[in-house]
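> Structure for the following, please:
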Amino acid sequence: MSRPMMSLADIAAPVASTPVTGPAAHPTRADARTAPPSAAWPDWKTYRLNTESPQVMHIDLNSAFASAEQQAWPNLRGRPMGVTNRVSPQCCVIAASYEAKALGIKVGMRKSEAMEICPEFIILETDPSKYTFMYQNLMRIMKSYSPNFKMKSIDEGVIDFHDTRLVNNRSLADIGTEIKRRMKQDVGKWMRTNIGIGTNRFLAKTAAGLHKPDGLDVLDHTNLVDTYRGMDLQDLSGIADGYGTRLRMYGIRTPLDFLAAPDDLLRKQVFQSINGLHWHERLRGFEVDDYTTHISMVGRQWVVRAPSENDDYLRSCMHYLTETVGTKLRYRGVEARGICVWMGFSAGGGWRAKQMLKTTIYSDRDIWAQVALLFDKRPAHMKVQIIGIYLYQLTPSTRGQLSMLEDAVKLDDLTRATDGINDFYGSFTVHSADTLTGTKHVKQKIPFGGTEYFDLLLKRA
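Numbering: from 1, shown residues only. Prediction:
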């Protein structure tokens, strides 16, 4: 028999408890999971919040790419503008200035839609050199405060100040103010930096978004409940339409409802996984997000500027994409067994072909040999609008180990030598002749998500 759905309304009213004194007054993770809240206690006791002094800082260069362009071009300052990977009538805004956002122009909006809102809207193509300069300076500044830092994206980073307070005992608010000042000095006065400080990564990121642009906020057990009270459910980072709808199905309509929800309800019914327990602790300021993610695939796609069915043109572009993916594969120190080649057609619809290999591949030569076989199976009469490739079933590379096969050793040596030349002299100094057409047409995109591939671009610059 299926279990009946339980909502927040079904939960019994909290039982009054005797106030705790001494060491037990500070809630632990076990307290947060098991102790019932009581309206008679202060907020931090009622909800069993983490009472640790905030030691995590989130730094967000909001509207960073638009701000970098405005810093470089003074005539754009104060004007609604944005950035895209390639300008066309239907291109997407991937970064918008504060002035554009104030008019309702959002990231992901088509250029044509933005122009309807503001005919004076200006959109520029991405310029990697500006973002490289911005990224390198932010990373250098963050590193000067703690060895435990991580770039979450090109324009966001986290510093963990745990275990550094003996040598750096200033308040994090003072340090945050100094970071904002250093970004203006080292990158440019038009760069506005949002700083958030909290007891875990989630609260630090939440704090960084409270007062944009150029805000600095601290979230801890003393003000967390009041902050949640002023937010909507989907203002919480990580709660979009999908999770928002599911939470509301169980009577959880506000961040305070979410905070009051028992861990059993979240774990067994709302999220139906350990993720429910993670949210229970995350909302209270306990750290559950300090982990390293593992990649499951590497890939690349490209929108064809003029849809084409020309075999030589498409083959060269696909070969170029293949070599960029091969570079990413080796940079991450992994090998692949699975390959997928896919296309979208201008007339609508698409095509894809996948292949699982018996052994892993690593070199550009081996990857292209398999990609070419799949590429030749495409519907040759269709005009291609977009093409892509990804490699999956990744395993740590063993290429540093000795091989008994002389040809394998030679191929590995050649691959390492080619990568070394390209690292030193710049991307695609050495490449397959077949990719010449592709190198002229396929523009290098800026990776706006994680920073691993951006680090590779910096290395190759």
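
> For the rest of this, base every contact and every neighbour count on C-alpha atoms.
OK.

> What values do phi and psi take at the residue nearest to residue 311 when sequence neighbours are not counted?
Of all residues not flanking residue 311 in the chain, residue 380 sits nearest, at 7.8 Å (C-alpha to C-alpha, 6 or more residues apart in numbering). Residue 380 adopts backbone torsions of phi -70, psi -20, taken as degrees, to the nearest 10.

> Residue 380 and residue 308 touch, don't they?
No - if you go by C-alpha atoms under 8 Å, residue 380 and residue 308 don't touch, sitting 10.3 Å apart.

> Between the two, which has more neighbouring residues?
Higher neighbour count among residue 380 and residue 308: residue 308, with 17 against 12, using other C-alpha atoms under 10 Å.

> give the contact list for that one.
Residues near residue 308 by C-alpha atoms under 8 Å, 6 or more residues apart in numbering: 314, 382, 383, 384, 385.

> Looking at these, which one is closest to residue 333?
residue 314 (28.7 Å; C-alpha to C-alpha).

> And the residue nearest to residue 311, how close does it get to residue 309?
7 Å (C-alpha to C-alpha, to the nearest Å).

> Please name the nearest non-neighbouring residue to residue 179.
Spatially, and ignoring its direct neighbours in sequence, residue 179 is nearest to residue 141 (7.2 Å; C-alpha to C-alpha, 6+ apart).

> separation between that neighbour and residue 92?
32 Å.

> Those two - which one has more neighbours?
Legend: neighbour count by other C-alpha under 10 Å for residue 141 and residue 92, higher for residue 92 (23 against 16).

> and that one, what are its bridge partners?
Taking DSSP bridges as the rule, residue 92 bridges to residue 110.

> for residue 355, same thing?
With DSSP bridges as the rule, residue 355 is bridged to residue 339.

> if we can go back for a sec, now, the contacts of residue 308 that are in strands?
384, 385 (DSSP state E).

> what's the closest of the contacts of residue 308 to residue 362?
Using C-alpha to C-alpha, residue 314 comes nearest to residue 362 of the contacts of residue 308, at 23.0 Å.

> Low-confidence ranges, the protein, go.
1-41, 166-167, 292-294, 398-461 (pLDDT under 70).

> What distance do you get for residue 199 to residue 173?
Residue 199 is 13 Å from residue 173, by C-alpha to C-alpha.

> And the two? Which one has more around it.
Remark: of residue 199 and residue 173, residue 199 carries more neighbours, 25 against 16, as counted by other C-alpha under 10 Å.

> Tell me which residues touch the residue lying closest to that one once chain neighbours are set aside, please.
Nearest non-adjacent residue to residue 199, counting by C-alpha to C-alpha, 6+ apart: residue 54, 4.1 Å away. Shown in contact with residue 54 (C-alpha under 8 Å, 6+ apart): 197, 198, 199, 200, 218, 219, 220.

> Doesn't residue 251 lie inside a strand?
No - Residue 251 sits outside any strand when classified using DSSP: H, G, I helix; E, B strand; the rest coil, being coil.

> I'd like to know how far it sits from residue 233.
Distance from residue 251 to residue 233, by C-alpha to C-alpha: 12 Å.

> Looking only at neighbour counts, state which of those two leads.
residue 233 (22 against 16).

> May I ask which of the contacts of residue 54 has the most neighbours?
In the contacts of residue 54, the most neighbours by other C-alpha under 10 Å go to residue 197, 30 neighbours.

> Give me the contacts around the host helix or strand of that residue.
For residue 197, the host element (DSSP states H and E) is strand 194-198. Contacting residues not belonging to strand 194-198 are listed as 54-62, 172-173, 176, 180, 203-209, 211-220, 285 [C-alpha under 8 Å, 6+ apart].

> quick check: angle from whichever helix or strand comes after that strand to strand 194-198?
Downstream of strand 194-198, the next assigned helix or strand under DSSP H and E is helix 201-208. Taking axes from the mean of the first three to the mean of the last three C-alpha atoms, to 10 degrees, helix 201-208 and strand 194-198 form an angle of 140 degrees between their directions.

> elements contacting helix 201-208?
strand 56-60, strand 194-198, strand 216-218, helix 275-283 (3 or more C-alpha pairs under 8 Å, 6 or more residues apart in numbering; DSSP states H and E).

> Name every strand pairing with the third one and say which way it goes.
Listed by DSSP bridges, the sheet partners of strand 216-218 and their directions read strand 194-198 (parallel).

> export the one helix or strand residue 248 maps to as CSV, just CAs?
Following DSSP H and E, one finds residue 248 within helix 241-249. Extracted C-alpha coordinates of helix 241-249, given in CSV (Å, rounded to 0.1, in the frame of the first residue of the first chain):
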residue,chain,number,x,y,z
ASP,A,241,10.6,25.7,-10.5
GLY,A,242,11.1,21.9,-10.2
TYR,A,243,12.0,21.8,-6.5
GLY,A,244,9.7,24.8,-5.8
THR,A,245,6.7,23.0,-7.1
ARG,A,246,7.5,19.8,-5.2
LEU,A,247,8.0,21.7,-1.9
ARG,A,248,4.7,23.5,-2.3
MET,A,249,3.0,20.1,-2.9
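
> Check the offset of it from the chain's centre.
22 Å (C-alpha atoms, centre = their mean, to the nearest Å).

> before we move on, back to that, ok, which of the helices and strands packed on helix 201-208 comes nearest residue 237?
Here helix 275-283 is closest among these (C-alpha to C-alpha), at 10.6 Å.

> next helix or strand past the closest one?
Taking DSSP H and E, what comes next after helix 275-283 is strand 297-308.

> Show me what counts as buried in that following strand.
Within strand 297-308, the residues that count as buried by 16 or more other C-alpha atoms under 10 Å are 298, 299, 300, 301, 302, 303, 304, 307, 308.

> As CSV, those with distance to residue 147 would be great.
Formatted as CSV, these follow (distance: C-alpha to C-alpha, whole Å):
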residue, distance to residue 147
298, 28
299, 31
300, 32
301, 35
302, 37
303, 40
304, 43
307, 48
308, 50
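
> Rebuild the helices and strands packed on helix 201-208 as CSV, extending it with distance to residue 99.
Output for the helices and strands packed on helix 201-208, formatted as CSV (distance: least, C-alpha to C-alpha, whole Å):
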stretch, distance to residue 99
strand 56-60, 18
strand 194-198, 17
strand 216-218, 20
helix 275-283, 32
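
> Quick one: closest of the ones you listed to residue 161.
strand 56-60 (6.0 Å).

> Would you list the strands that that closest one pairs with, along with their directions?
In the sheet, strand 56-60 lines up with strand 156-160 (antiparallel), strand 194-198 (antiparallel) (DSSP bridges).

> Can you tell me what sits against the next helix or strand after that strand?
Next in sequence after strand 56-60, counting helices and strands by DSSP H and E, comes helix 64-72. The contact list for helix 64-72, computed with C-alpha under 8 Å, 6+ apart, reads 76-77, 81-83, 95-97, 130-131, 134, 155, 188-192.

> correct me, but residue 81 touches residue 103?
No - here residue 81 does not reach residue 103: they are 10.8 Å apart, not a contact under C-alpha under 8 Å.

> Would you mind telling me which of these two has more residues around it?
Counted by other C-alpha under 10 Å, residue 81 and residue 103 do not tie: residue 81 has more neighbours, with 27 against 12.
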